[in-house]
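Asks: Show me the folded form of this:
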Amino acid sequence: MKTLYITLKIFLFFTVLTGIIYPLLITAIAQLAFHTKANGSLIVKNNKIVGSELIGQKFDSIVYFNSRPSAVAYHPLPSGGSNYGLTNQQLIKLVDLRRNQFISFNQLDTLSEIPSEMLFASASGLDPHISPGAALFQVDRIVNARHFDNSQKKVLLQSVNELTEMPQFALLGEKRINVLLLNLRLDEIK
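Replies: As a prediction, the model looks like this:
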């Protein structure tokens with residue numbers, strides 16, 4: 001009976017420690033040190049949440065930069081990729097379809113080298129970034145759709161450069177652009 005009593009005390013102690021105290025401590029640290037990120041890096045415009053810097057959204061309008069494909073339609077709860085192998089016929093067909101759609105949508109030459117992130121979904125299905133190259137492929141389509149003049153095109157290209165994020169710590173990852181932030185900046189071009 002004494003062993004059962006000691007076991008219950010240890011169980012309750014660790015339940016309180018790991019189930020209540022530890023989560024509250026980590027939440028407090030995150031709120032103090034990384035407040036914006038701890039709350040989802042939400043972007044607010046005109047007192048309305050328009051999205052998150054951390055979660056991609058679908059943009060398929062001719063007047064906006066398109067995001068990379070998502071295997072989960074950008075829903076955060078069932079995040080994940082398709083898990084198709086490189087030799088899977090469904091993936092090969094999907095990549096060919098995406099390539100043809102990207103070329104057609106952006107009126108590119110059929111021999112154009114399309115950036116891989118526009119052909120393959122990310123592992124999470126939620127990646128909010130594309131490469132600067134993928135953005136530049138879309139500039140002419142947007143300029144034509146929005147009837148921009150040369151000065152507005154220059155501002156758009158400057159926005160692509162300004163919003164390009166460098167690899168983390170100068171070596172982790174690649175240059176990238178957050179599509180939501182780029183599209184918000186695009187809407188500001190007059």
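Asks: what's the spacing between K93 and Y84?
Replies: 10 Å (C-beta to C-beta, to the nearest Å). C-beta coordinates here come from the backbone N, C-alpha and C atoms, glycine included.
Asks: just K190 next, same as before
Replies: On the measure of C-beta to C-beta, K190 and Y84 end up 44 Å apart.
Asks: the more surrounded of the two?
Replies: Y84 (16 against 6; other C-beta atoms under 10 Å).
Asks: and that one, how far is that from Q90?
Replies: For Y84, the distance to Q90 - C-beta to C-beta - is 6 Å.
Asks: One more: Q138?
Replies: 26 Å.
Asks: who's in contact with the residue nearest the centre of the chain?
Replies: For the chain, the residue sitting closest to the mean C-alpha position, by C-alpha atoms, centre = their mean, is P128 at 1.2 Å. Going by C-beta atoms under 8 Å, 6 or more residues apart in numbering, P128 touches S52, E53, L54, I55, G56, Q57, S67, N178, V179, L180.
Asks: ok, now P132?
Replies: V160, N161, T164, K175, R176, I177.
Asks: count of neighbours near L91?
Replies: Neighbour tally, L91, other C-beta under 10 Å: 17.
Asks: how about the helices in this structure?
Replies: Taking DSSP state H as the test, the helices found in the chain are 2-16, 22-33, 35-38, 89-105, 132-146, 150-163, 179-188.
Asks: between the fourth one and helix 132-146, how many degrees?
Replies: Helix 89-105 runs at 50 degrees relative to helix 132-146, counting by axes from the mean of the first three to the mean of the last three C-alpha atoms, to 10 degrees.
Asks: Pull out the buried residues from helix 89-105.
Replies: By 16 or more other C-beta atoms under 10 Å, the buried positions in helix 89-105 come out as L91, L94, V95, R98, R99, F102, I103.
Asks: measure N183 to P128 for me?
Replies: 11 Å.
Asks: Could you do V95 as well?
Replies: V95 sits at a distance of 21 Å from P128 (criterion: C-beta to C-beta).
Asks: how is this structure carved up into domains?
Replies: As recorded under automatic domain parsing, the domains making up the chain are 1-39, 55-188.
Asks: how far is the last one from where the chain is centred?
Replies: Per C-alpha atoms, centre = their mean, to the nearest Å, the displacement of domain 55-188 from the mean C-alpha position of its chain is 10 Å.
Asks: What of the shortest one?
Replies: Remark: domain 1-39 is offset 32 Å from the chain centroid, using C-alpha atoms, centre = their mean.
Asks: now stretch 175-190
Replies: Stretch 175-190 sits 13 Å away from the centroid of its parent chain (C-alpha atoms, centre = their mean).
Asks: Identify the residues contacting it?
Replies: Residues contacting stretch 175-190 (C-beta under 8 Å, 6+ apart): 43, 45, 50-53, 56-57, 59, 64-67, 128-132, 135, 142, 146, 148, 152, 155-156, 159-160, 163-167.
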